[in-house]
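A.B. asks: Coordinates for the following, if possible.
(one chain, ligands or ions: 1)
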Amino acid sequence: MAKLMGKTDLSQGSASIPNSLILTTQSLTRCFDNFTAVDELNISVQTGEAFGLLGPNGAGKSTVIKMLTTLLPPSRGKAHLAGYDISGQSDGVRRVIGYVPQALSADGSLTGYENLLIFAKLYDIPARRREKQIREVLSFMDLQSASDRLVRNYSGGMIRKLEIAQAILHQPQILFLDEPTVGLDPVARTQVWQLVQELRVNFGTTIFLTTHFLEEADSLCNRVAIMNQGREIITGSPAELKAAIGKPDATLDDVFIHYAGNQLTSGVSYSETARTRRTTQRLG
Ligand SMILES: Nc1ncnc2c1ncn2[C@@H]1O[C@H](COP(=O)(O)OP(=O)(O)OP(=O)(O)O)[C@@H](O)[C@H]1O
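C.D. replies: Below is the predicted model of the structure:
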């Protein structure tokens, strides 16, 4: 077990020798006034892997994603995506990423197709290729039959799939998903997991997601980093994290309590947080 930058990194074995890094951060930090939301983050993600950022409410996960997607400038530190510097080359970064935010990003008063058309224009997809690309992505997300229905009549799972479709329309190299399955029922959650997995396996898309669910990380992620109070605590594969605490059936709470100890934000458990968040909240 290697100690890196004051946190524990379990993924330093031969299986994890970097072949090609698509994302790296160096001491990435974001402060809001005197409050440090993300504190000296050092992570690296390999091309084609699924990387999960885990942590309780307020850990800093969304702030990391907002910096990496160029929506929020870092206070200090650096990050590079596909060779582009998030601070000086934001246009380059935006061309190679897709982003599904926590907040609702589809318009309920439009059809699925119309929502995708807006994104096709935003991404500058040439007019002659738009319809074909939209049809392809609708088919990939299994939404063809609903494409002409208003999104306000979609289920939570269908909305999530449409939001992912919007984010992959321009075939990004790396897809950011902020809490992709919050508020979804188990069937819809499994569907989203399968589609994200297919995206990675079939098209080599690198996946960077935040989640509260160890189950989700187990299903989707090659490696995860656990954050608390802005700091990265431990990084490794889900199996490594569980094995490291000697409990193969460990929950994220078990792993988290083991490593975070008294740094745990009081009163917040992953399961509680997950339970209290619903799609209706996303829909406002
Ligand atoms: N614009 C902002 N101004 C001030 N504080 C902020 C701002 N954005 C985030 N924070 C604070 O930074 C901390 C990290 O927030 P962030 O949303 O990144 O956490 P998170 O791990 O994504 O939590 P959640 O799971 O609830 O989304 C929180 O304490 C939050 O209140």
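A.B. asks: Ranking helices and strands of this structure by mean pLDDT, which lands last?
C.D. replies: strand 2-4 (a mean of 30; mean pLDDT, DSSP states H and E).
A.B. asks: how about the residue nearest the centre of the chain, phi and psi?
C.D. replies: Compute the mean C-alpha point of the chain, and by CA atoms, centre = their mean the closest residue is residue 209, 1.8 Å away. Backbone torsions for residue 209, taken as degrees, to the nearest 10, come to phi -130, psi 160.
A.B. asks: Assign residue 27 to helix, strand or coil.
C.D. replies: strand (DSSP: H, G, I helix; E, B strand; the rest coil).
A.B. asks: What are the neighbouring residues in contact with the closest residue to it other than its chain neighbours?
C.D. replies: Distances taken as CB to CB, 6 or more residues apart in numbering place residue 77 nearest to residue 27, at 3.9 Å, with adjacent residues excluded. Any C-beta I mention is one placed from the backbone N, CA and C, and that applies to glycine too. The contact partners of residue 77, taken as CB atoms under 8 Å, 6 or more residues apart in numbering, are 25-29, 40-41.
A.B. asks: so residue 77 is in which element?
C.D. replies: Element membership for residue 77 (DSSP states H and E) is strand 76-81.
A.B. asks: CA atoms only for that strand - export them in CSV, please.
C.D. replies: Extracted in CSV, the C-alpha atoms of strand 76-81 (Å, rounded to 0.1, in the frame of the first residue of the first chain):
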residue,chain,number,x,y,z
ARG,A,76,-4.9,26.9,-6.8
GLY,A,77,-3.4,23.9,-8.4
LYS,A,78,-3.7,22.4,-11.9
ALA,A,79,-5.6,19.9,-13.9
HIS,A,80,-5.2,18.5,-17.5
LEU,A,81,-7.7,16.7,-19.6
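A.B. asks: Longest helix in this protein, please.
C.D. replies: Taking DSSP state H as the criterion, the chain has its longest helix at helix 186-203.
A.B. asks: Now do it: which elements does it pack against?
C.D. replies: Judged by 3 or more CB pairs under 8 Å, 6 or more residues apart in numbering; DSSP states H and E, helix 186-203 is in contact with strand 50-54, helix 156-168, strand 174-178, strand 206-211, helix 214-220.
A.B. asks: Just the C-alphas of the next helix or strand after the first one, formatted as CSV.
C.D. replies: With elements assigned by DSSP H and E, the helix or strand that comes after strand 50-54 is helix 61-68. Output in CSV follows, covering the C-alpha atoms of helix 61-68 (Å, rounded to 0.1, in the frame of the first residue of the first chain):
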residue,chain,number,x,y,z
LYS,A,61,-17.3,16.0,-5.3
SER,A,62,-19.5,18.4,-7.4
THR,A,63,-16.9,21.2,-6.9
VAL,A,64,-14.2,18.9,-8.4
ILE,A,65,-16.4,18.1,-11.4
LYS,A,66,-17.3,21.8,-11.9
MET,A,67,-13.6,22.6,-11.9
LEU,A,68,-12.7,19.7,-14.3
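A.B. asks: tell me which residues in helix 61-68 are buried?
C.D. replies: For helix 61-68, burial by neighbour count (16 or more other CB atoms under 10 Å) applies to 61-68.
A.B. asks: hmm, back to that, of the helices and strands packed on helix 186-203, which approaches the ligand most closely?
C.D. replies: Comparing the helices and strands packed on helix 186-203 against the ligand with CB to the nearest ligand atom, the closest turns out to be strand 206-211 (6.3 Å).
A.B. asks: Which residue, other than its chain neighbours, is closest to the residue nearest to the centre of the chain?
C.D. replies: Closest residue to residue 209 apart from its sequence neighbours, by CB to CB, 6+ apart: residue 177 at 4.1 Å.
A.B. asks: residues near that neighbour, how many?
C.D. replies: Using other CB atoms under 10 Å, residue 177 has 26 other residues around it.
A.B. asks: Test my guess that it contacts residue 100.
C.D. replies: Yes - using CB atoms under 8 Å as the test, residue 177 is close enough to residue 100 to be in contact (4.8 Å).
A.B. asks: anything in contact with each of the two?
C.D. replies: residue 164.
A.B. asks: Up against the ligand, what does the stretch 51-200 of the chain have?
C.D. replies: Proximity of the stretch 51-200 of the chain to the ligand, by CB under 6 Å from any ligand atom, involves residues 55, 57-63.
A.B. asks: before we move on, back to that, would you mind getting the angle between the strand holding residue 77 and helix 61-68?
C.D. replies: 70 degrees (axes from the mean of the first three to the mean of the last three CA atoms, to 10 degrees).
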